[in-house]
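J.: mind folding the following:
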Amino acid sequence: MTDLSRRTLVKTSLTGLALAGLATGTAAPAPAAIPLVRKRLTLPTGIATGDVTADSAVLWSRASGPGRLTARLQAVDSAGEILRGRYGFSRTIQGPLATEASDFTAKIHAKGLPAGTRFALELNFEDENGLGEAVTGTFTTAPGSSVNNSAGNGDPEDEREGRKPSSSSQSFVWTGDTAGQGWGINEEIGGMRGYKAMHATRPDFFIHSGDTIYADGPIATTVTEKDGHVWRNIVTEEVSKVAETLKEYRGRHRYNSLDANMRAMFAEVPVIAQWDDHETHNNWYPGQILDDARYTERNVNVLAARGRQAWQENMPISDSAALWRPGTFDAGQYQPARIYRKISRGPQLDIFCLDMRTYKSPNTDGKEPYDTNILGQEQVDWLIKEVRQSKATWKVIAADLPLGIIVPDGPVNQESLSNRDNGAPLGRELEIAGVLSAFKRDGVKNTVWLTADVHYCAAHHYSPERASFTDFDPFWEFVAGPINAGSFGPNDMDGTFGPEVVFAKAGRFPGESPRDGENQYFGHVDLAADSTFTVSLRNANGAVLFSKTLIPQR
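T.: So this is what the prediction gives:
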């Protein structure tokens, strides 16, 4: 507020008091001190944490205007009481400035945190008027290399002050596809109820397996469903058309944050975010020129640059090569930048987060007699090396596209790596064949592939006994999603790697709305202290549809 506006405020207030006195025929009372009104910064899209390991976490939020992100972390017990003494931990961290260049988003990469510890988190932004609105949340760091699974050690000080959480067990959820096919936030049915169902399982973290937004899917105020029900969406300006400008891509992320269920979950459950096609355009690949009359800008490289910037501004990802900074992107040119990364979750678990979009070759029939890219050679080499060197019991490979499911892109071309040919690997299949062969050669055990993308849930077992390509060890792939989008599937399978469909569940018809929650799916993993790995596939009402317990190979 300027000095002029302050003087105007005081003058107006004194005049009002004098007039009040004249109106009542009494002397106006002496004016009391009038506080100056200062507008404090708010956090309009909530808070989130991400890529949480045993000793680090990314803390994210977005401000209502320019300001510096500030975080306060305090170790707490399972009841939320602050821990003191030997297990106490309290830190205030000042982060970067949130400016218009980053759409007022900011991230803090908090390091040096104690393992296996639950934190109370408070985030706010500071400007010349001081600290603004504070939004609170929680998160738990991954177990460390040494954990205590006992109920207590009998130390009186521990009993007085509360014990640091120390169990090696952990759980997580995964899914994909948020606000797709025009099914947005419908508050009449409780909003995006799938997020509430995931949150209710109290997971330690959440893998969003791509399609975090649907930039290419306009959201209308109302949609008439097949059975005559009228679906009513919250609608903003940015979601009323396909996203082309940076403002419109940013608006897609803001839209999802309007859902109370998502905001509540992200405040308490760390995110491991992936991107896929709908963050830009359906089935896109670098260099594509769109044949889509809805678009004024049809160069997908231009759109992908804008979509990628908005995605990285809004996702709490940690890899330094993946942290978007103002000026990194040329608005007229898509520049591949690494977002594939490893998230260590203690001695039992490593997450290998793939990027099957940035380096993707053009969509063809997939039957080239030579390698074509789904990961790109650099990412292939990274994946083989990191999985080989991993000391974790379980190696979860989070893929944004499925391995054996046929995903068409038109009558001939293929969107994923399967090519409708059950014979030897061709095209993109050759790249994955090389990865699987390397795992076998290096003696890698206990790999599990998790994915989404196809809008139904499934459990697939891959084995060389059923395959045309046999140079690999058996493994499982689990599919979950959508979480708030139209349902589809189940799709046909490609036999090259010998998949067996052990379970599959889809909606009643293509594009079915999420209204009853029965056709919206997420996966849940319970990793026990004895390293058993139990996977369950659930619907948005929380019902368990399928469960499989995997015993680690030693």
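J.: quick one: low-confidence ranges for this structure?
T.: For the chain, applying pLDDT under 70 flags the ranges 1-38, 146-167, 319-336.
J.: what number of residues lie near the residue nearest to C457 when sequence neighbours are not counted?
T.: Leaving aside its chain neighbours, C457 sits nearest to Y521 (3.8 Å; criterion: Cβ to Cβ, 6 or more residues apart in numbering). In short, each C-beta sits where N, CA and C put it, glycine included. When neighbours are counted by other Cβ atoms under 10 Å, Y521 registers 30.
J.: report the contact partners of Y521.
T.: 175, 456-457, 480-483, 505, 537-540, 545 (Cβ atoms under 8 Å, 6 or more residues apart in numbering).
J.: got phi/psi on S102?
T.: phi -110, psi 20 (degrees, to the nearest 10).
J.: the helices in the stretch 351-500 of the chain, which residues?
T.: 377-389, 428-441 (DSSP state H, counting those that start in this stretch).
J.: cool, and the stretch 151-300 of the chain?
T.: According to DSSP H, counting those that start in this stretch, the stretch 151-300 of the chain carries its helices in the segments 156-161, 193-200, 246-256, 260-268, 300-314.
J.: quick check: T222 touching W231?
T.: Yes - the pair T222 / W231 is scored as a contact, 6.6 Å apart, by Cβ atoms under 8 Å.
J.: how far off helix 193-200 does the strand or helix carrying L537 point, in degrees?
T.: L537 is part of strand 533-539, with elements assigned from DSSP states H and E. Orientation of strand 533-539 against helix 193-200 (axes from the mean of the first three to the mean of the last three Cα atoms, to 10 degrees) gives an angle of 150 degrees.
J.: within the sheet, what are the partner strands of strand 533-539, with directions?
T.: When pairing is defined by DSSP bridges, strand 533-539 lines up against strand 521-527 (antiparallel), strand 544-550 (antiparallel).
J.: buried stuff in the last one?
T.: Under the neighbour-count criterion of 16 or more other Cβ atoms under 10 Å, strand 544-550 has 546, 550 buried.
J.: quick one: residues in contact with that strand.
T.: 446, 448, 457, 459, 476, 502-503, 505, 521, 532-539.
J.: closest one to D442 out of the contacts of Y521, please.
T.: Nearest to D442, judged by Cβ to Cβ, of the contacts of Y521 is A480 at 28.3 Å.
J.: burial measure for the closest one, as a count.
T.: 30.
J.: hang on, isn't it packed against T175?
T.: Yes - at 4.9 Å, A480 counts as touching T175 under the criterion of Cβ under 8 Å.
J.: need the residues touching each of those two.
T.: Joint contacts of A480 and T175 (Cβ under 8 Å, 6+ apart) are 209, 452, 521-523.
J.: of these, which pair is most distant in space?
T.: S209 and Y521 (11.6 Å).
J.: name all residues that sit in contact with those two at the same time.
T.: Common neighbours of S209 and Y521, counting by Cβ under 8 Å, 6+ apart, are 175, 480-481.
J.: okay, those residues in CSV with distance to P362 next?
T.: Below are the shared contacts of S209 and Y521 laid out as CSV (distance: Cβ to Cβ, whole Å):
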residue, distance to P362
T175, 28
A480, 28
G481, 25
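J.: in strands only, show me those.
T.: Here DSSP state E is the test, and those give T175 as lying in strands.
J.: ok, the shared contacts of S209 and Y521 vs S240, which is closest?
T.: Proximity to S240 was ranked across the shared contacts of S209 and Y521 by Cβ to Cβ; first place goes to G481, at 24.8 Å.
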